[in-house]
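[1] sharing a model that was predicted from the sequence below.
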Amino acid sequence: MSLTPSDAPSDLWAAAEQADRQRMEQLRALLRHHAWRYYVLDDPEIPDAEYDRLMQELQALEARHPQWVTPDSPTQRVGAQPSAAFAPVAHRVPMLSIRTETDTSPQAALAFDARIRKELGLQPSDPPVDYVAEPKFDGLAIALHYERGVLVRAATRGDGVTGEDVTHTVRTIAQVPLRLLGDGAAIPWLEVRGEVYMRRDDFEALNERQRQRIAAGDKGEKTFVNPRNAAAGAVRQLDPAVAAARPLSFYAYGLGDVTPAAQGGPAFTRHWDVLQALRTWGFAVSELAQRCAGGQALAEYHRRIGQMRDTLPFDIDGVVYKVDRLDWQQQLGFVTREPRWALAHKYPAQEQLTRVLAIEVQVGRTGKLTPVAKLEPVFVGGVTVTNATLHNEDEVLRKDVRVGDTVIVRRAGDVIPEVVAVAPPLPEPRGEPFRMPSHCPVCGSAVVREPGEVDHRCSGGLFCPAQRKQAILHFAQRRAMDIEGLGDKLVDQLVEGGLVRTVADLYRLGLRQLAELPRMADKSANNLLAAIERSKTTTLARFVFALGIRHVGESTARDLARHFGRLDAIMDASVEQLQQVPDVGPVVAASVRTFFDQPHNREVVEQLRACGVHWPEGEGAATSDAAQPLAGKTLVLTGTLPTLTRDEAKTLIEAAGGKVAGSVSRKTDYVVAGEAAGSKLDKARELGVPVVDEAGLRALLVGQAVSP
Ligand SMILES: NC(=O)c1ccc[n+]([C@@H]2O[C@H](COP(=O)([O-])OP(=O)(O)OC[C@H]3O[C@@H](n4cnc5c(N)ncnc54)[C@H](O)[C@@H]3O)[C@@H](O)[C@H]2O)c1
Ligand SMILES: [Zn+2]
């Protein structure tokens, strides 16, 4: 029920008025606070959608009570007061906001067109109005001043009248021309306007780098809420080096104060022509800008760009419609803070508020543990989201996200939704701070975080159901157990069909089970069984590599096999003993020890042996199922060999027991030189190291002597 003077007693009416007035005061204070966080600190506390809701509520109240609208109300102003940290720049042509339409349906485009036609006094019989439609980039507006084609100043929008001088940082942006091309160079005074933004991939990479820095103990660093704020923060830096290190981009979309045509400035009649000229002067102008005749074409544009939104490399929060004819723009003019000739037609917000119901830990296929927030379902970026990543333990603690908190969730493009921050107010009392579990929630094995690493990992690689597929693929690969035909698709089928839980189950597969799999003929099932059977005869080095112990690659596996000779010796070696092996440092040693400390991993190893997987054990037998003609020899590869790639040559040499080194020294036994061999060949000659070609290498591989 709504209260109006006619149906409510006057004191009730007065009370309602009083409540409105109080709410307006409250909203203004809130909006001022959030505008300050957003525009001055580049560190918003609430999502834009939330800010827009507060703004709309205030606008509605002001519409109902126009007598209480104050000139300093956030509804009457653009941006925020420029910061005193920068020199002020006066905008000769004010930098305004754009009227925003949050109704994402096509109707809004038609309504805009109808309004424009009405304001221009057009008749239904008049032709459609020409518009230019452009993406609305989510970055920050910048004015660039060019004097005779040379960039002399760059300014933020500030409060629309006075901006901040950010020439020092904007100069570092590669897409901002320092000198204009073509006839742009001759214009006495030219102000170009556009948006500085950060591409989504650049933003993700920047945040990943920040997370690494924080993990490495850099206390001063933080991650950024979204590309818009990362871009704004970079531009509004005092130190240009910081901005230069952040990957920023720039799109030009219009002009500000320009020398009139009569005094040597450019003459334009349409906005579209402005965009084309900007391009010839050397600016990036969006390829997505398009001319549209009439409201229907605008609605179609909104739909088309909306469909592309997730795949665009940058964030957009809507599209902008602009009347193309500049004389009409002039005629339509401005209201307080917005031109009448433009409209920002939004898309569903990419950031929303919701509540954390739980924090779960997920285990990825490589064993990495990721804390994930379970959320009260929320519509964000066009879909309903119920889970959002929290990346790692440090991130959860730094953001201090707890169960019961209200958080900002971001979903942009095809990047997985993430919790970007906790939003005030905090609940009273709060939940417990997050702790990473000490044991894998999937398999119960110990969870390990290595020094200098951001991630926690499950150490039960051979057994952990989360890591099954990865473990089997690794185990079966050519350089490990070499089970031919056991690829991605088949592993999926075996695991999903419940036939294989650990690698030991491979040796228990029967023909009947295999033949029942979809797309599996008897012949291929037989081939696979034969390949599995063949793999039972292996070497200790291959077997150790096949286990998938973190940091134990092929060559470490070989070193371990050579040093210990027997599997049990490796499994029981202490961290100190492991470090006796050349090239095995504390991290690798700890990783091997932890792996074999997991009872589940040991069980799988025992099952493999029980299934008949075997290798020659003991001194000298460690690595050889064939002769090792290059045992103890070090070779260096240089240049291009006629038939072998460098990888293939390396594999062959290592299979023959040799080592491949990166540089030539007195300890090098042979240098294998191909086409276009460089300084390594010179070095070999200088040191008198024997040099062989590919034929020579092949001879060495089979144990023949070669004369260099
Ligand atoms: N989260 C918060 O706390 C908070 C606080 C204050 C403001 N905000 C957000 O900031 C925005 C405030 O609106 P505003 O007044 O700055 O205007 P706006 O960002 O909605 O629209 C005007 C701006 O659009 C940009 N723009 C992008 N592409 C353009 C194009 N092709 N042509 C012309 N302009 C283009 C320009 O930078 C211009 O200044 C809202 O989205 C609001 O939610 C958020
Ligand atoms: Zn596990």
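    Perfect, thanks for sending it. Residues are numbered from 1 along each chain as shown. Ligands and ions are numbered 1, 2, ... in the order given.
[2] give me the contacts around stretch 463-473.
    Stretch 463-473 is contacted by residues 362-367, 440, 442-443, 445, 458, 460-462, 486-488, 491-492, 494-495, 500-503, 506, 548, 598, 600-601, 603-604 when judged by Cβ atoms under 8 Å, 6 or more residues apart in numbering. Every residue, glycine included, has its C-beta placed from N, CA and C.
[3] can you tell me which of these are up against ligand 1?
    The subset of the contacts of stretch 463-473 lying close to ligand 1, counting by Cβ under 6 Å from any ligand atom, is empty.
[4] inside strands: which ones of the residues you listed?
    362-363, 458 (DSSP state E).
[5] any chance of the residues you listed in JSON lines, plus pLDDT and distance to ligand 2?
    Below are the ones in strands among the contacts of stretch 463-473 laid out as JSON lines (pLDDT from 0 to 100; distance: Cβ to the ion, whole Å):
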{"residue": "362", "pLDDT": "97", "distance to ligand 2": "11"}
{"residue": "363", "pLDDT": "97", "distance to ligand 2": "5"}
{"residue": "458", "pLDDT": "97", "distance to ligand 2": "3"}
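[6] name the nearest of these relative to ligand 1.
    residue 362 (29.4 Å; Cβ to the nearest ligand atom).
[7] the closest one bridge partners, please.
    For residue 362, the beta-bridge partners are residue 370 (DSSP bridges).
[8] that older thread, of the contacts of stretch 463-473, buried ones?
    Listed as buried from those are 363, 366-367, 440, 442-443, 445, 458, 460-462, 486, 491, 494-495, 500, 502-503, 506, 548, 598, 600-601, 604; burial here means 16 or more other Cβ atoms under 10 Å.
[9] mind checking which of the residues you listed are in helices?
    Per DSSP state H, helices hold the following members of those: 491, 494-495, 600-601, 604.
[10] make TSV out of these and add distance to residue 256 and pLDDT.
    Shown next, in TSV, are these (distance: Cβ to Cβ, whole Å; pLDDT from 0 to 100):
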residue	distance to residue 256	pLDDT
491	60	95
494	65	94
495	61	94
600	67	95
601	67	96
604	69	97
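[11] nearest to ligand 1, of those?
    Using Cβ to the nearest ligand atom, those come closest to ligand 1 at residue 495, 44.6 Å.
[12] which SS state does residue 256 fall under?
    Of the three states, residue 256 takes strand under DSSP: H, G, I helix; E, B strand; the rest coil.
[13] with adjacent residues omitted, what lies nearest to the residue of the stretch 201-350 of the chain found nearest ligand 2?
    Ligand 2 sits closest to residue 215 of the stretch 201-350 of the chain, with a gap of 21.7 Å, by Cβ to the ion. Counting by Cβ to Cβ, 6 or more residues apart in numbering, residue 215 lies nearest to residue 454, which is 4.1 Å off, once chain neighbours are set aside.
[14] what residues are up against the one you found?
    Taking Cβ under 8 Å, 6+ apart, one finds 211-212, 215, 392, 394 in contact with residue 454.
[15] filter these to the buried ones?
    211, 215, 392, 394.
[16] which of those fall in helices?
    Going by DSSP H, the helices hold 211, 215, 394 from the buried ones among the contacts of residue 454.
[17] hang on, the first one packs against residue 393?
    No. Assessed by Cβ atoms under 8 Å, residue 211 is found out of contact with residue 393, at 11.1 Å.
[18] can you pull the pLDDT of residue 622?
    Looking at residue 622, its pLDDT reads 44.
[19] now stretch 389-408: mean pLDDT?
    Per-residue scores along stretch 389-408 average to 95.
[20] start to end distance for it?
    Distance across stretch 389-408, first residue to last, is 12 Å (Cα to Cα, to the nearest Å).
[21] how far out from the middle of the chain is it?
    Stretch 389-408 sits 18 Å away from the centroid of its parent chain (Cα atoms, centre = their mean, to the nearest Å).
[22] ok, stretch 598-605 next?
    Worked out by Cα atoms, centre = their mean, stretch 598-605 lies 36 Å from the chain centre.
[23] residue numbers of the stretch 251-400 of the chain in contact with ligand 1?
    Checking the stretch 251-400 of the chain against ligand 1 by Cβ under 6 Å from any ligand atom, the hits are 253, 320, 344.
[24] out of those residues, list just those in strands.
    Per DSSP E, those map to strands at 253, 320, 344.
[25] in terms of distance to residue 651, which of those ranks first?
    residue 253 (54.6 Å; Cβ to Cβ).
[26] name the SS class of the residue nearest to the closest one when sequence neighbours are not counted, please.
    Leaving aside its chain neighbours, residue 253 sits nearest to residue 194 (5.3 Å; criterion: Cβ to Cβ, 6+ apart). Under the three-state scheme (three-state DSSP), residue 194 adopts strand.
[27] cool, residue 300 as well?
    helix.
[28] if we can go back for a sec, nearest to residue 241, of the residues of the stretch 251-400 of the chain next to ligand 1?
    The closest of those, once distances to residue 241 are taken by Cβ to Cβ, is residue 253, at 28.3 Å.
[29] that closest one: what's it in contact with?
    Here residue 253 is in contact with 134, 193-195, 275, 285-286, 289, 320 (Cβ under 8 Å, 6+ apart).
[30] could those go into TSV alongside distance to residue 257 and neighbour count?
    Shown next, in TSV, are these (distance: Cβ to Cβ, whole Å; neighbours: other Cβ atoms under 10 Å):
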residue	distance to residue 257	neighbour count
134	21	24
193	10	19
194	15	24
195	18	21
275	18	21
285	20	19
286	23	17
289	22	21
320	21	21
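[31] would TSV of these with distance to ligand 2 be doable?
    Output for the contacts of residue 253, formatted as TSV (distance: Cβ to the ion, whole Å):
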residue	distance to ligand 2
134	49
193	54
194	50
195	46
275	55
285	51
286	47
289	51
320	50
